[in-house]
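Student: predicted model and sequence follow; I will ask about them next.
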2 protein chains.
Amino acid sequence: MTSYPPWNRIAIVGVGLIGGSIGLALQTRQLADHVIGIGRSKSTLKKALECGVVTEATTDLKTGVQQADLVIVCTPVSQIVPIVKQVATFCKENTLITDAGSTKAALVRELGTTLQNQVRFLGSHPIAGSEASGPQAAMKDLFENRPVVITPTEETVQQDVLHLKQFWQALGCQTVELSPEEHDRILALTSHLPHFVASSLAATIQPDQLTLSGGGYRDTTRIAAGSPHLWTQIFLENREELINAIEQFRQQFDRIEKALEASDSDQLFNFLSEAQQNRNAMGN
Amino acid sequence: MTSYPPWNRIAIVGVGLIGGSIGLALQTRQLADHVIGIGRSKSTLKKALECGVVTEATTDLKTGVQQADLVIVCTPVSQIVPIVKQVATFCKENTLITDAGSTKAALVRELGTTLQNQVRFLGSHPIAGSEASGPQAAMKDLFENRPVVITPTEETVQQDVLHLKQFWQALGCQTVELSPEEHDRILALTSHLPHFVASSLAATIQPDQLTLSGGGYRDTTRIAAGSPHLWTQIFLENREELINAIEQFRQQFDRIEKALEASDSDQLFNFLSEAQQNRNAMGN
């Protein structure tokens, strides 16, 4: 039995798919008696209460976080820094704040590790999601067996790492520790680059040609249906590492195109075999 | 009720996923009493008989096709030309031969429309499939509501077009007529380019980084698990049109990369919105 940190009152800022699913999982697994949803939109909070993803809800950040044992900021990435700064002025001394954002280095550079009143920030990135959004899309098992990256810095208190690990593990996640920079470098390749490529492909092919497309186009471009607003932010937050990842993709793309131009069937076959082998490492 | 051509004995050369599914659909829909499977491997033919995808099976091409009313060549693309030429020497006068290959212009250039003994070739491309292969993967509903392209030339007899349309419609397909060149131009974009891009992406990301990948990578690279052998052939058969499609992809890819390098959030947002709109035209 994994132990759970002494957190009974958890505040979630932003009760969309991710925040809502955390709230649902916390209640299903009976890990906290109070799950407070905080948001700007009354109608979203109303939906969150109706769907049972939170036990309480408020549009007032101060009211929402002042008694919380843990605050999780689940807003779009561009809002994380200003919200964490505000939360730090409202919450109890020594409270831990985490997030669920897709990029980390820029956040941590701006926020640091220790804020005022010994309030501390320690980043989390649960690698789970879908194209759906809003509290009504929340799922109690969204995090089950999914990896979550925790991104401590040299200043991070070891007990915070331990507690945050226990927290995510209690939600069913497998925890991985990486520096914020290492997190961004890997995610640029495994998440941001696929989105960048899928969107480029979707932009290339016009809707009137889609009658003659099949499962290949459908799967390859599926994530291009994701929110342009969110992904613009993610790309800009992780701009440098994404540019590096694009460079690595271009090297492979150029290599296979050269083989095609030269009608070199051996090189084409070897390239496709290598790609197949990499892909098979994941399973369907 | 759509009428069905006067074909009761259908020969299928190559009883893998596509050939096997045609055989299964013909029998399920009671469209032909004799479905003759022809292949080089006795064990594959044995499986095909066991799975009930054909009613008879033989490794001898002549025996298999000599009484057939329609011959469908469902082999990998590089074998279609030599096999159609052989079939023409063995089958009855006036027989129609079709195929299920993913590329068309090179085939038709080499084969022409009328072969010896008034035997005629008219290309088909059912746009359906999966990563699975072999007769055991055959599905009776693989073609239901799927598009199939029929590629007549100026020399094609109109009755053959009508009969072949009726044939595929009887299997549940929606038929589309395109010239072989137009078929290859569109499929380069909607099918071959996605495979090319997915394989480049899979080649870029190493297996040890996949622990931190999610649904985005999984969907975007799924088709990279397809057969390197088959796809090498398809790429080479449709080399020129694929190179054109790659050029169109590069224009979009360069455009979004420039926006990223310039940290231009408006341009990034507009690009991603356009891609989202195109993708939404297909549905999930």
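Tutor: On my side now, so go ahead. The shown structure was predicted, so the numbers you read here are calculated from the model rather than taken from an experiment.

Student: burial measure for the one residue in the stretch 1-150 of chain A that gets nearest to chain B, as a count.
Tutor: Relative to chain B, the nearest point of the stretch 1-150 of chain A is A:Ile127 (4.7 Å; C-beta to the nearest C-beta). Placement of C-beta: from N, CA and C, glycine included. When neighbours are defined as other C-beta atoms under 10 Å in any protein chain shown, A:Ile127 has 23 of them.

Student: one more: A:Gln174?
Tutor: Applying other C-beta under 10 Å, we find 14 residues neighbouring A:Gln174.

Student: would you mind measuring from the residue of the stretch 1-150 of chain A closest to chain B to A:Asp264?
Tutor: In this view, A:Ile127 and A:Asp264 are 37 Å apart by C-beta to C-beta, to the nearest Å.

Student: I'd say A:Thr98 and A:Val71 touch.
Tutor: Yes - the pair A:Thr98 and A:Val71 passes the contact test of C-beta atoms under 8 Å, sitting 7.5 Å apart.

Student: so which residues on the stretch 51-200 of chain A come close to chain B?
Tutor: Applying C-beta under 8 Å from any C-beta of the partner chain, we find that the stretch 51-200 of chain A lies next to chain B at A:127-131, A:146-147, A:149, A:176, A:186-187, A:189-191, A:193-200.

Student: quote the end-to-end distance of stretch A:65-80.
Tutor: 15 Å (C-alpha to C-alpha, to the nearest Å).

Student: what's near enough to touch A:Arg9?
Tutor: If you count contacts by C-beta atoms under 8 Å, 6 or more residues apart in numbering or on different chains, A:Arg9 has them with A:32-34, A:36, A:67-69.

Student: redo that, cut-off 6 Å
Tutor: Taking C-beta atoms under 6 Å, 6 or more residues apart in numbering or on different chains, we find A:Arg9 in contact with A:34, A:67-69.

Student: would you format the residues you listed as TSV with distance to B:Gln136, neighbour count and secondary structure included?
Tutor: Formatted as TSV, the contacts of A:Arg9 follow (distance: C-beta to C-beta, whole Å; neighbours: other C-beta atoms under 10 Å in any protein chain shown; DSSP: H, G, I helix; E, B strand; the rest coil):
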residue	distance to B:Gln136	neighbour count	secondary structure
A:His34	54	16	strand
A:Gln67	61	13	coil
A:Ala68	56	27	coil
A:Asp69	55	19	coil
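
Student: quickly list the domain ranges of chain A.
Tutor: A:9-178, A:183-280 (automatic domain parsing).

Student: mean pLDDT added to the ones you listed, as JSON lines?
Tutor: Below are the domains of chain A laid out as JSON lines (pLDDT from 0 to 100):
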{"stretch": "domain A:9-178", "mean pLDDT": "95"}
{"stretch": "domain A:183-280", "mean pLDDT": "96"}
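
Student: ok, now which ones touch the residue nearest the centre of chain A?
Tutor: Geometric centre of chain A, nearest residue: A:Ser102, 4.0 Å, by C-alpha atoms, centre = their mean. Neighbouring residues of A:Ser102 by C-beta under 6 Å, 6+ apart: A:Ile234.

Student: the contacts of A:Arg9 into a markdown table, with extra columns for distance to A:Lys85?
Tutor: Output for these, formatted as a markdown table (distance: C-beta to C-beta, whole Å):
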| residue | distance to A:Lys85 |
| --- | --- |
| A:His34 | 24 |
| A:Gln67 | 19 |
| A:Ala68 | 16 |
| A:Asp69 | 20 |
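
Student: which residues of chain A fall in strands?
Tutor: Ranges of strands within chain A are A:9-13, A:34-38, A:56-58, A:70-73, A:96-99, A:120-121, A:123-126, A:147-151, A:174-177, based on DSSP state E.

Student: the third one pairs with which strands?
Tutor: What that stands for is strand A:56-58. strand A:34-38 (parallel) (DSSP bridges).

Student: and for the partner strand, what's in contact with it?
Tutor: A:9-13, A:15, A:23, A:26, A:45, A:48, A:54-58, A:61, A:64.

Student: what of stretch A:249-258?
Tutor: A:193, A:271, B:200, B:203-204, B:246.

Student: quick check: phi and psi at the closest residue in space to A:His163 that isn't next to it in sequence.
Tutor: Nearest residue to A:His163, sequence neighbours excluded (C-beta to C-beta, 6 or more residues apart in numbering or on different chains): A:Pro5, at 3.9 Å. As for A:Pro5, its main-chain torsions (degrees, to the nearest 10) stand at phi -60, psi 160.
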